[in-house]
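>>> Have a look at this prediction, sequence included:
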Amino acid sequence: MRAVVVAVLHALAARLSEWIYDGDASVHQLPPWLDINESRVNLSYTLASRIEPTGTSSLRCDSLFVDLQGAEESYRILAVIFRGTTTAQDWIANAGALPDYDKFKDIGIGVHAGWKAVATYPEYVNRLRSAILEEASGTGLDTILFTGHSLGGAVAQVAALLAYTDDKLWRHPKVSKLLSGLQCITVAAPQPFSPTSHQQIHRENREEAAPGVLLAQADALQGMERRCTNYVRNNDLVPRLPGNVGFIQKMWDRVPFAVRMLLDLGAAPLPLDLGTLLKQDMGLGVYAPLCTTRLLNPGGGYENIGRTAAKRMLETHRPRDPSVSDTYLGVVEWNGFMAAQNEHRAKAYVNMVYRAVGARDYAHGHHDSFIEEPRKEYEYAGQQQGGRFHGQGRLTYTDSAGKHQYEGEFMEGKYHGHGRLTFPEANGNSVCDGEFESGRFHGQGGILHACGEKSTG
Ligand SMILES: *[C@@H]1O[C@H](CO)[C@@H](O)[C@H](O)[C@H]1NC(C)=O
Ligand SMILES: *[C@@H]1O[C@H](CO)[C@@H](O)[C@H](O)[C@H]1NC(C)=O
């Protein structure tokens, strides 16, 4: 796989993980192209299947065919995107579930019982299986990508391991080749797996069977590390769970007493049901990341951390990211706790992953790290409200690519309403002129029409 395709897969995984939270999740909201350094890759999407949440399951799972058309090659992927649930309360309350060692017994891996149940939802498994089989008997699928943010990411990892061990699928010769190259790229996912200890494998298998399980386990662990990447931002609490509850405990201990009281009273929006979780700490240390962890640094850039080092790394505090707010009602210093919680948002991950792999997506607001980095040098002339850009204004800033300018309507710090955005590209400036919504360009009737038209400037 060429470097450009790899970069597109990573950027796309982050973007799709954010997109699946949108109510209608129409494919028109997805970027029609991505720029990777100087190369443009055009993208087109076809929905393969969609599973909506029901009364009994909060699962949303879409699979899309995505065609990549670059200057030198074309590439087709089947992307499977999970959104677990929109309320963190829902899932974190059962984060304390102990692993099920039965599902992946043959390969010696325990899996979080609750998240396994989501990933093995029969309707999802059947539809995905038929989408894969149908496509594989036709032409040209190059890769399957599993992705999701937060709980959706944990479920994506379980689904990837499930596809990898699905006998029915693997018996099909074309599919087995595809599945052996599958990619799982998740953002801010907690840890759904617990490798079974060697002693336990010996205890639970007949003497002659144990070596086979140990071998299968080593192969699966190596495979997960090679095929799966989980992006982790700085001190984000969620990827530390449930294996490193101690990390959260340490952070929590530094929160002042008065603030804890407010939290107990439910005064602040806290996505973690800490009480429940901390009480369940016993035994949760068996969970560990099996993916390669890609740690995003506040200043840009990342480090790849292998499976065995990742657990230790996720126990240590990183320096605080100064661009992330750490106050409540503007008064309390939370010693990083609030910041660590705020670091979890999907949109911020998209911007950081884009930056890490050199991707830009001008049509959808992901060129604009300005919003995420309030300290960036900029010039603003126009109306404000509550310290944020609001009303008519003109914002100009310069980054390594050149000068960006937006003139038009703002709402609460974001491009929103009618506006005109000019931004640099390799061969001149491009312009988006039309309607913006929460920082994203909507154009008229479609994205391509206005945005991408070249100006002479
Ligand atoms: C894009 O440029 C950056 C910085 O020069 C480089 O590290 C990265 O490998 C490039 N990406 C691709 C896909 O060529
Ligand atoms: C991408 O799409 C644009 C507009 O449709 C087209 O002009 C360009 O040639 C395409 N690029 C590639 C590499 O296919």
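Good, I have the coordinates. Residues are numbered from 1 along each chain as shown. Ligands and ions are numbered 1, 2, ... in the order given.

>>> Need the nearest residue in space to the residue of the stretch 351-457 of the chain found nearest ligand 1, chain neighbours excluded.
Closest to ligand 1 within the stretch 351-457 of the chain is residue 358: 3.4 Å, counting by CB to the nearest ligand atom. Heads up, the C-betas are built off the backbone N, CA and C, glycines and all. Distances taken as CB to CB, 6 or more residues apart in numbering put residue 37 closest to residue 358, at 4.9 Å, once the chain neighbours are dropped.

>>> Just the element for the residue nearest to residue 324 when sequence neighbours are not counted, please.
Leaving aside its chain neighbours, residue 324 sits nearest to residue 339 (4.4 Å; criterion: CB to CB, 6+ apart). Remark: residue 339 resides in helix 337-342, with elements defined by DSSP states H and E.

>>> which strands and helices sit next to that helix?
helix 245-253 (3 or more CB pairs under 8 Å, 6 or more residues apart in numbering; DSSP states H and E).

>>> Now do the next helix or strand after the helix it packs on and helix 245-253, the angle between them.
Sequence-wise, the next helix or strand downstream of helix 245-253 (DSSP H and E) is helix 257-264. With axes from the mean of the first three to the mean of the last three CA atoms, to 10 degrees defining the directions, helix 257-264 sits at 120 degrees from helix 245-253.

>>> which residues are in contact with stretch 33-49?
Contacts to stretch 33-49, defined as CB atoms under 8 Å, 6 or more residues apart in numbering, come from residues 4-5, 7-8, 11-12, 27, 30-32, 61-71, 78, 127-128, 131, 135, 357-363, 425-426, 452.

>>> Just want the residue of the chain that's nearest ligand 2.
Taking CB to the nearest ligand atom, the chain has residue 42 as its residue nearest ligand 2, at 3.7 Å.

>>> Neighbours of the residue in the stretch 151-300 of the chain that ligand 1 sits nearest to, how many?
With CB to the nearest ligand atom, the shortest gap between the stretch 151-300 of the chain and ligand 1 falls at residue 300, namely 10.4 Å. Using other CB atoms under 10 Å, residue 300 has 11 other residues around it.

>>> Could you pull up phi and psi at the residue of the stretch 351-457 of the chain closest to ligand 1?
phi 80, psi 30 (degrees, to the nearest 10).

>>> Surely it is in contact with residue 7?
Yes - under the criterion of CB atoms under 8 Å, residue 358 makes contact with residue 7 at 6.1 Å.

>>> Give me the more crowded residue out of those two.
Just comparing residue 358 and residue 7: by other CB under 10 Å the higher neighbour count belongs to residue 7, 21 against 17.

>>> How is that one classified with respect to secondary structure?
helix (DSSP: H, G, I helix; E, B strand; the rest coil).

>>> Return the residues in contact with it.
Contacts of residue 7 by CB under 8 Å, 6+ apart are 36, 357, 358, 359.

>>> How about residue 285?
Residue 285 sits in contact with 243, 244, 245, 246, where contact means CB under 8 Å, 6+ apart.

>>> swap in residue 230?
Contacts of residue 230 by CB under 8 Å, 6+ apart are 153, 157, 186, 187, 188, 189, 239, 289, 291, 292, 293, 294.

>>> Could you find the closest non-adjacent residue to it?
Per CB to CB, 6+ apart, closest to residue 230 is residue 291, 4.3 Å.

>>> What is the neighbour count of residue 75?
Counted with other CB under 10 Å, residues neighbouring residue 75 total 20.

>>> Same question for residue 256.
13.

>>> Could you do the one 3 residues further on as well?
If you count neighbours by other CB under 10 Å, residue 259 ends up with 19.

>>> how close does it sit to residue 343?
18 Å (CB to CB, to the nearest Å).

>>> So residue 354 is in contact with residue 13, correct?
No - assessed by CB under 8 Å, residue 354 is found out of contact with residue 13, at 11.1 Å.

>>> Pull the number of nearby residues for the closest residue to ligand 1 within the stretch 51-200 of the chain.
Going by CB to the nearest ligand atom, ligand 1 is nearest to residue 70 of the stretch 51-200 of the chain, at 10.8 Å. Residues within reach of residue 70, counting by other CB under 10 Å, total 19.

>>> Could you grab the helix/strand/coil label for residue 58?
Under three-state DSSP, residue 58 comes out as coil.

>>> does any bit of the one helix or strand residue 12 maps to sit next to ligand 1?
Here residue 12 sits within helix 3-19, counting by DSSP H and E. Yes - shown here: helix 3-19 in contact with ligand 1 (CB under 6 Å from any ligand atom) through 3, 4, 7.
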